[in-house]
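Undergrad: next input, structure requested:
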Amino acid sequence: MHTHPQTCLSTGRLKHTPECPGGGIGRHAGLKILFLRGSAGSIPAPGTKGLQKRPFFNMFYLYILYSQQFDRYYIGQSSDIDARLERHQKGYVKSTKAYRPWKLVYSESFHTRIEAVNRETYLKSLKSKIKIKELVDTSR
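TA: This next block holds a predicted model:
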């Protein structure tokens with residue numbers, strides 16, 4: 001049986017390399033575990049000993065913003081769309097500052113940043129407002 005090498009979700013490298021924080025084999029391979037403590041001074045629930053485990057999956061997103069005032073689209077990628085949109089709205093992003101306000105009109109999710117960047121690069125290479133508008137319209 002031929003198997004393909006698996007890549008680490010956080011680094012994009014092969015899982016058996018030391019750079020991958022998940023590593024390992026089995027059903028929990030590649031999972032990051034996030035330990036959460038309760039608020040300062042809070043009493044942990046019985047049996048939890050103050051720590052809760054939950055899997056933490058990083059997702060990456062391709063997004064398309066639209067400025068109705070200027071009839072303009074912007075394509076980008078981020079691991080946190082809400083925070084990134086806020087940066088666009090506040091004028092912290094040089095290339096979008098002059099075209100505010102922006103509205104999120106489309107997004108796609110990916111397991112790795114590489115996939116999101118590749119999709120962003122492809123859509124930007126189309127250089128066609130019509131193609132972007134078609135993509136946005138067909139998603140509604």
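
Undergrad: drop to CA atoms for contacts and neighbour counts, all remaining ones
TA: Will do.

Undergrad: tell me the domain boundaries of this protein?
TA: 1-57, 60-138 (automatic domain parsing).

Undergrad: can you tell me which of those domains has the worst average pLDDT?
TA: Here the lowest mean pLDDT among those goes to domain 1-57, at a mean of 46.

Undergrad: ok, the residue nearest to residue 113 when sequence neighbours are not counted - contacts?
TA: In space, and not counting its chain neighbours, residue 113 is closest to residue 60: 5.6 Å by CA to CA, 6 or more residues apart in numbering. Counting by CA atoms under 8 Å, 6 or more residues apart in numbering, residue 60 touches 77-80, 109-113, 116.

Undergrad: what do you get for residue 66?
TA: Residue 66 neighbours (CA under 8 Å, 6+ apart): 72-74, 102-105.

Undergrad: with residue 98 instead?
TA: residue 91.

Undergrad: roughly how far does it sit from residue 71?
TA: Going from residue 98 to residue 71 by CA to CA, to the nearest Å gives 13 Å.
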